[in-house]
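Visitor: this one's structure only:
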């Protein structure tokens, strides 16, 4: 399976692309960077978040208020 780098995902987000990411293997810092890169109107859906600490989820959500969705 092909996995894009965090930098590539940030570039896609900056271009206005909405993303769905299986987040269970990515560091929180990378997910925050991707969320911060979201262009106006783009969204980020993160799957595999059930075991992530609440503090991590808050950090990610705060990077792009109202544009991040968490799925189990």
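Guide: Sure thing, it's come through. Here the structure is a predicted model, which means the values were calculated and not measured. Numbering: from 1, shown residues only.
Visitor: Identify the residues contacting the residue nearest to residue 41 when sequence neighbours are not counted.
Guide: Excluding its sequence neighbours, the residue lying closest to residue 41 (Cβ to Cβ, 6 or more residues apart in numbering) is residue 16, at 6.8 Å. C-beta coordinates here come from the backbone N, C-alpha and C atoms, glycine included. When contacts are counted by Cβ atoms under 8 Å, 6 or more residues apart in numbering, residue 16 touches 39-42.
Visitor: ok, 10 Å please
Guide: By Cβ atoms under 10 Å, 6 or more residues apart in numbering, the contact set of residue 16 is 38-42.
Visitor: and it, how far is that from residue 54?
Guide: 30 Å (Cβ to Cβ, to the nearest Å).
Visitor: Over to residue 6?
Guide: Distance from residue 6 to residue 54, by Cβ to Cβ: 22 Å.
Visitor: can you check residue 48 too?
Guide: 15 Å.
Visitor: Of the two, which one has the most company?
Guide: residue 48 (15 against 7; other Cβ atoms under 10 Å).
Visitor: So that one is in contact with residue 21, correct?
Guide: Yes. With contact defined as Cβ atoms under 10 Å, residue 48 counts as touching residue 21 (8.7 Å).
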